[in-house]
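Undergrad: sequence? don't have it. structure:
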């Protein structure tokens, strides 16, 4: 199994599309827990670690691809400036979508389990362990990322456009009916 931990205390990754408390079905697929892991392009060390792990999985699993690595092999490390063009959270970053049928462990920086679902959300920062594995299904061939465990190390601006009740109702200016 090719497990890697990405993100450090000094260079944490950011989490988006965090479906880690309840599994969800995407386009009729099986229920899965998932998260998008955003890695700044400036974090060369983490990007190298991910690319090295991808290369290792490719080399170790050539037999799954017919004995040679296909030129169009899909990999989990994607370019946010290309694949999420216009999404500010993904600008100047790479990202990995990881998922699992098994609920990931979620802890804080002191390794205490995070039980309050509001404590881990899209936009916070931390570390994550993933496994990289090959797939060859219906002509789609590549390397995928399995979600293992998550450590939240710091809060961040929530992603997704949802505001808090406190922010919505803290302003006494009720004259602007249409917002």
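TA: Thanks, I have the structure now. Source: prediction; values computed, not measured.

Undergrad: give the contact list for residue 4.
TA: Neighbouring residues of residue 4 by Cβ atoms under 8 Å, 6 or more residues apart in numbering: 49-50, 53, 129-132. Just so you know, the C-beta spots here come from the backbone N, C-alpha and C atoms, and that holds for glycine as well.

Undergrad: what do you get if the cut-off is 10 Å, keeping everything else the same?
TA: Residues near residue 4 by Cβ atoms under 10 Å, 6 or more residues apart in numbering: 46, 49-50, 52-54, 56, 128-132, 145, 148.

Undergrad: from those residues, which would you call buried?
TA: Buried members of the contacts of residue 4, scored by 16 or more other Cβ atoms under 10 Å, are 46, 50, 53-54, 128-132, 145, 148.

Undergrad: ok, which stretches of this structure are helices?
TA: In the chain, the helices defined using DSSP state H lie at 44-60, 80-83, 165-169.

Undergrad: what's the longest strand in the chain?
TA: Using DSSP state E, we find that the single longest strand of the chain is strand 140-154.

Undergrad: what residues of that strand count as buried?
TA: Judged by neighbour count using 16+ other Cβ under 10 Å, the buried positions of strand 140-154 are 141-148, 150-153.

Undergrad: how far does that strand sit from its chain's centre?
TA: The chain centroid and the centroid of strand 140-154 are separated by 6 Å under Cα atoms, centre = their mean, to the nearest Å.

Undergrad: Serialize the helices of the chain to TSV and add fields for mean pLDDT.
TA: Supplementary listing: the helices of the chain in TSV, determined by pLDDT from 0 to 100:
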stretch	mean pLDDT
helix 44-60	95
helix 80-83	96
helix 165-169	69
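
Undergrad: low-scoring stretches of the chain, by residue?
TA: Low-confidence segments of the chain, defined by pLDDT under 70: 1, 161-168, 171-179.

Undergrad: who does residue 74 bridge with?
TA: Counting by DSSP bridges, residue 74 forms beta bridges with residue 142.

Undergrad: and the buried ones among the contacts of residue 4, which is closest to residue 96?
TA: Residue 96 lies nearest to residue 145 out of these, by Cβ to Cβ, at 5.1 Å.

Undergrad: now do the contacts for the closest one.
TA: Residue 145 neighbours (Cβ under 10 Å, 6+ apart): 4, 6, 34-35, 37, 50, 53-54, 75-77, 96-100, 128, 130-133.
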